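*Asks:* need the 3D shape of this:
(one chain, ligands or ions: 1)
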Amino acid sequence: MNSHLDKASPRGVAVWRWLLLAPLAVFVIYVALRGISESYDNDGFPEALAVKLELLPIIFPVHMITGGLALLLVPLVIYLRRTRWHPLLGRIAAIDILIAGITAIPVAVVMPVTKLSAAGFVAQGIAWIVLLAFGIWNIRRRRIAAHRACMLMLAAVTSGALFFRLYLGLWKVFGISRHFETFYALDAWIAWGLPLLGTAIWLRLQAPRHRSA
Ligand code: HEM
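*Replies:* Got it, this is the predicted structure:
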């Protein structure tokens, strides 16, 4: 017996896909533009971030601008795979991620909310740069599957910037202010750790199918 989905037209599937992706795209663009604008419009920063800005008046804004751009560039470069734009935009994204990742490290260690949260951000920055380096190394050797895997894991680490703010927003609505520091440290690890783990498991499950194809 044919199910409802079997009969779905390609156009219907495309419409559903865009209906699901559009709110996500709006959220990504919102966080990215907000990040970029906070590099100059940061009067409302909480004390913990205002101190960092005072101590790192160039590095922190550079991180916000390049971090915001990375959020826009990473999905765009993946979307434009197999087009002539992919290598050009990919190179621009790589330089941007390198700057955003390197600047994240002093931002993380200067006057951190907790040592554990600083360690989470440093680990995220290092994971970002290492995956970028492996991704480039693999494509230079024409290992396309390995390049794809590295870049999808890099995208997962990038999504940590979204999940971090999402969990922070949920915490502000539902959380107990007493345990804020514990929550913040946990957020700095799970925001990127869980998407990375999920993507790595998904890639591993996909691997036998790719090999037999
Ligand atoms: C993926 C690697 C990233 C790391 C390791 C990282 C690290 C950090 C750290 C440590 C802070 C200061 C928060 C604190 O110490 O409590 C920060 C703040 C900030 N980052 Fe990143 N970041 C990354 C990616 C991004 C991305 C993709 C964006 C794009 C929006 C971004 C935009 C910002 C902004 C706007 C702030 C200022 C405060 C805020 O709005 O939360 N970062 N980042």
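*Asks:* check which helix or strand covers residue 163.
*Replies:* When secondary structure is defined by DSSP states H and E, residue 163 falls within helix 160-174.
*Asks:* need the residues of this protein near the ligand, please.
*Replies:* If contact is defined as C-beta under 6 Å from any ligand atom, the residues of the chain in contact with the ligand are 31-32, 35, 38, 48-49, 63-64, 67-68, 70-71, 100-101, 104, 107-108, 112-113, 117, 121, 124-125, 128, 157-158, 160-161. Every residue, glycine included, has its C-beta placed from N, CA and C.
*Asks:* buried only: go through the residues you listed for me.
*Replies:* Those of the residues of the chain next to the ligand that meet the buried threshold are 31-32, 35, 38, 49, 63-64, 67-68, 70-71, 100-101, 104, 107-108, 112-113, 117, 121, 124-125, 128, 157-158, 160-161, by 16 or more other C-beta atoms under 10 Å.
*Asks:* what sits closest to the most centrally placed residue in the chain if chain neighbours are left out?
*Replies:* Relative to the mean C-alpha position of the chain, the nearest C-alpha, by C-alpha atoms, centre = their mean, is the one of residue 158, at 1.3 Å. Once flanking residues are discounted, residue 158 sits nearest to residue 74: 4.9 Å by C-beta to C-beta, 6 or more residues apart in numbering.
*Asks:* got a pLDDT number for residue 133?
*Replies:* At residue 133 the predicted local distance difference test score is 98.
*Asks:* burial check on it, number of neighbours?
*Replies:* By the criterion of other C-beta atoms under 10 Å, residue 133 has 13 neighbours.
*Asks:* report the contact partners of the residue nearest to the centre of the chain.
*Replies:* Contacts here follow C-beta atoms under 8 Å, 6 or more residues apart in numbering; on that basis residue 158 touches 70, 71, 74, 97, 128.
*Asks:* quick check: longest helix of the chain.
*Replies:* helix 180-212 (DSSP state H).
*Asks:* now do it against helix 160-174, angle only.
*Replies:* Computed by axes from the mean of the first three to the mean of the last three C-alpha atoms, to 10 degrees, the angle separating helix 180-212 from helix 160-174 equals 140 degrees.
*Asks:* helix 180-212: which residues count as buried?
*Replies:* Within helix 180-212, the residues that count as buried by 16+ other C-beta under 10 Å are 183-193, 195-196, 199, 203.
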